[in-house]
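Student: Just a sequence and a predicted model for now, questions to come.
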Amino acid sequence: MTKNWILKTVLLCTLFILFSCQKEKAKPEIKTYRAGVILSFDDAYVDEWFDTDQKLKQYSWKATFCVCKINTLRHYEIKKLLEFQKEGHEIAGHGLHHYHAEKFVKKYGIKDYFKQEINPMLRLMSFYGLKITSFVYPYGGRNPKLDAALLNVFKIIRGRAFCEEDASKQGCYFNHSKIVYSFSIDDTHNHFNIPHLMKLLDYAKKNDEILILNSHKTVENVTADYQTKNATLELICKYIRCNNMKFYTLSDLDNIQ
């Protein structure tokens, strides 16, 4: 009698645990944010970005402009950056001289990297009234030690994603890390084409993901490397509007749980 009671109890407990596990697995992940896109632009093509902004304002778009060589910009270019910031766009740091961070640190060390590339950039940007909380690696060159050092200064760091054919394996979606990676939509980039871009957008929409993209100089017609057509950006803006998605900046990611 006692043995039967014990066996029944064990069986009931086992079934309860298995049932609980099945219920737990069945629960979908609840996202606290809407599917969307981060459009980020690297280097110092301020005039071209400004012209693009005039074209895309109708979509209430938002972008992150990752600026390098701030010491070479003219007063009217600084005014345009300040106007971007006022409109709700983000200005991010991209180094003072645009050094390849990993190569520089390997040769001279992190201390000299901050002395030559980070600190003077931040001082000058602060002097102009630009609020910088995100940093983007030039050429995507990074390593864990650099990440750790830069995260003492910046809230979000962006590198470059590895290129994968499968949209679900592409590492250009926000994953709740302070270190994120982007996919290049420059027209001459080896892995860029419109069908693949649409797959990335579709995956973000269906899975409530935030897709992170980057480009450089914005143009009407591509004439060289590191250029993105305004038509491509307008296509993205239309997709976001039609699918009730959202524009994010890099700094927005710091506030997402």
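Tutor: Nice, I can see it. Numbers count the residues shown, from 1 in each chain.
Student: What's the separation between residue 170 and residue 83?
Tutor: Computed as Cβ to Cβ, to the nearest Å, the residue 170 to residue 83 distance reads 33 Å. For the C-beta atoms, the positions are set from N, CA and C on the backbone; glycine is no exception.
Student: Look at the two and report which has more neighbours.
Tutor: Taking neighbours as other Cβ atoms under 10 Å, residue 170 and residue 83 compare with residue 170 leading, 20 against 12.
Student: Residue ranges in the stretch 151-257 of the chain under the pLDDT threshold?
Tutor: Within the stretch 151-257 of the chain, the stretches falling below the threshold (pLDDT under 70) are 162-164, 257.
Student: at 80 instead, please
Tutor: Low-confidence segments of the stretch 151-257 of the chain, defined by pLDDT under 80: 161-169, 190, 257.
Student: Next up, the contacts around residue 99.
Tutor: For residue 99, the contacting residues are 113, 116, 117, 138, by Cβ atoms under 8 Å, 6 or more residues apart in numbering.
Student: redo that, cut-off 6 Å
Tutor: Applying Cβ atoms under 6 Å, 6 or more residues apart in numbering to residue 99 gives the contacts residue 117.
Student: any idea how far it is from residue 107?
Tutor: Looking at residue 99 against residue 107, where the rule is Cβ to Cβ, the gap reads 10 Å.
Student: Okay, helices next: where are they in the stretch 151-257 of the chain?
Tutor: For the stretch 151-257 of the chain, the helices defined by DSSP state H, counting those that start in this stretch occupy 194-206, 230-242.
Student: Out of these, flag the one nearest residue 77.
Tutor: Minimum separation from residue 77 across these (Cβ to Cβ) falls at helix 230-242, 19.3 Å.
Student: need the longest strand for this structure.
Tutor: When every strand of the chain is counted residue by residue (DSSP state E), the longest turns out to be strand 36-43.
Student: who's in contact with that one?
Tutor: Around strand 36-43, the neighbours that count as contacts under Cβ under 6 Å, 6+ apart are 49, 63-66, 68, 94, 210-216, 240, 245-246, 248.
Student: got it, and stretch 114-132?
Tutor: Judged by Cβ under 6 Å, 6+ apart, the contacts made with stretch 114-132 from elsewhere in the structure are 70, 78, 91, 93, 95, 96, 99.
Student: swap the cut-off to 7 Å and go again
Tutor: Applying Cβ atoms under 7 Å, 6 or more residues apart in numbering, the contact partners of stretch 114-132 are 70-71, 78, 81-82, 85, 91-93, 95-97, 99, 153.
Student: which other residues reach stretch 193-203?
Tutor: For stretch 193-203, the external contacting residues (Cβ under 7 Å, 6+ apart) are 167, 168, 170, 183, 185, 209, 211, 239.
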